[in-house]
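In: dropping the sequence and predicted coords here.
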Amino acid sequence: MTEEQKKKNSAAEERRIKANKKLRAQTTAAGEWFKQSAWLQVLLIVGAVIGVVVAIPYIVKCASDKTETSNFYKSKQINFSKGSNSLTSILNGEVPNSAGIVGDGIKGSETYSEDLEGFVVMYYKMNDDNCKTEQIHLQHAFETMSGTKKIKGQLKFYTVNVAWTPNDEDNMATNEGVPGKYDNSYITLEEQEIVFQSIKSTYLAQDTMYLNSNVTSNSFNDKFDSTTSGSLHTLPTPCFCLYTKKKSETKYAGLDKPTKVIFNSVSSLSNSADDAVMTQLYDIYNIKLYQE
């Protein structure tokens, strides 16, 4: 190495040392200033806490959306009229242990009937946003209620899938109403219309709290088909029907004699929160009526 190169390297090293000393001095000065600026420390801490608090709901929702799914509807699913465990068979008293605990329907109190028993049947389809939203909350609510000391797993809940093409979820919405596309082995389209007309009287005679603005008396004039303009393609969903009978009786009064009918939700109760859906379930079973 030449003398000239040695001088250049020495000068560069000296500049590096000076730069490091300057940086350390600036860092030390900044640290001292920060220590003496208590207001800034408090501001940063408060800002960090607020940031964490604001972020938590989004983090939880993101994690929930990615990991929490439900198979509740399918786990409770039955056919409408086919098979030994169908809704028709249950109503005819042909299915053992198909009835469970219900309430007396007394306002302002939680009641469990000693004389009556029954079940709830829910008509649903997965191309209905309300059904999709409610499923996980309905599962949570049902499991919580079933686990209480008074109920002890004695609730009976069944579902009937009324989708136009229930086994084609990718095209379920676009298939609905298309002539020749109806492919539902759980319930025929004619049976769906029979159900709708059968529950009409009970539904319209109820307290206005149970009436849904999307299902009016005029709705029952529509036909279930794919050719009539403005017709209903399927039974409005979600639809909950409570059927009750005396414990001493074998059969129920009939498909057209439900005790209660609710479309979507009771009054203004949310279908996207566990506590609201549980409040609704208690009402549907006539155990504890919701009061506005």
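Out: Nice, I can see it. Residues are numbered from 1 along each chain as shown.
In: right, and residue 263 touches residue 215 too?
Out: Yes. At 4.8 Å, residue 263 and residue 215 qualify as touching, with contact defined as CB atoms under 8 Å. Backbone N, C-alpha and C define where each C-beta goes, glycine included.
In: who touches both of the two?
Out: When contacts are counted by CB atoms under 8 Å, 6 or more residues apart in numbering, residue 263 and residue 215 are jointly contacted by 203, 236.
In: show me the domain layout of the protein.
Out: Dividing the chain into domains by automatic domain parsing, as the record does, gives the ranges 3-67, 72-284.
In: need the winner for burial among the ones you listed.
Out: Comparing those on average neighbours per residue, with mean count of other CB atoms under 10 Å, the densest one is domain 72-284 at a mean of 17.
In: quick check: end-to-end length of that one?
Out: Chord length of domain 72-284, first to last residue, is 17 Å (CA to CA, to the nearest Å).
In: do the same with stretch 201-215
Out: 13 Å.
In: hang on, the earlier thing: where among the domains of the chain is the average confidence lowest?
Out: With a mean of 61, domain 3-67 has the lowest mean pLDDT of the domains of the chain.
In: my guess is residue 151 contacts residue 101. True?
Out: Yes. Under the criterion of CB under 8 Å, residue 151 makes contact with residue 101 at 5.8 Å.
In: list the residues that contact both of the two?
Out: residue 112.
In: from residue 252, how far off is residue 99?
Out: From residue 99 across to residue 252, the span is 9 Å (CB to CB, to the nearest Å).
In: now do the shared contacts for the two.
Out: With CB under 8 Å, 6+ apart as the test, residue 99 and residue 252 both reach 118, 245.
In: how about the strands in the stretch 101-250 of the chain?
Out: Assigned by DSSP state E, counting those that start in this stretch, the stretch 101-250 of the chain shows strands spanning 116-124, 157-161, 239-246.
In: a markdown table please, covering those and showing distance to residue 77.
Out: Below are the strands of the stretch 101-250 of the chain laid out as a markdown table (distance: least, CB to CB, whole Å):
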| stretch | distance to residue 77 |
| --- | --- |
| strand 116-124 | 9 |
| strand 157-161 | 5 |
| strand 239-246 | 15 |
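In: out of the ones you listed, flag the one nearest residue 186.
Out: Put simply, out of those the one that sits nearest residue 186 is strand 157-161, at 4.9 Å, with distance taken as CB to CB.
In: what packs against the closest one?
Out: Using 3 or more CB pairs under 8 Å, 6 or more residues apart in numbering; DSSP states H and E as the contact definition, the elements that strand 157-161 packs against are helix 72-75, helix 87-91, strand 116-124.
In: between strand 239-246 and it, find me the angle.
Out: When axes from the mean of the first three to the mean of the last three CA atoms, to 10 degrees is applied, the directions of strand 157-161 and strand 239-246 differ by 140 degrees.
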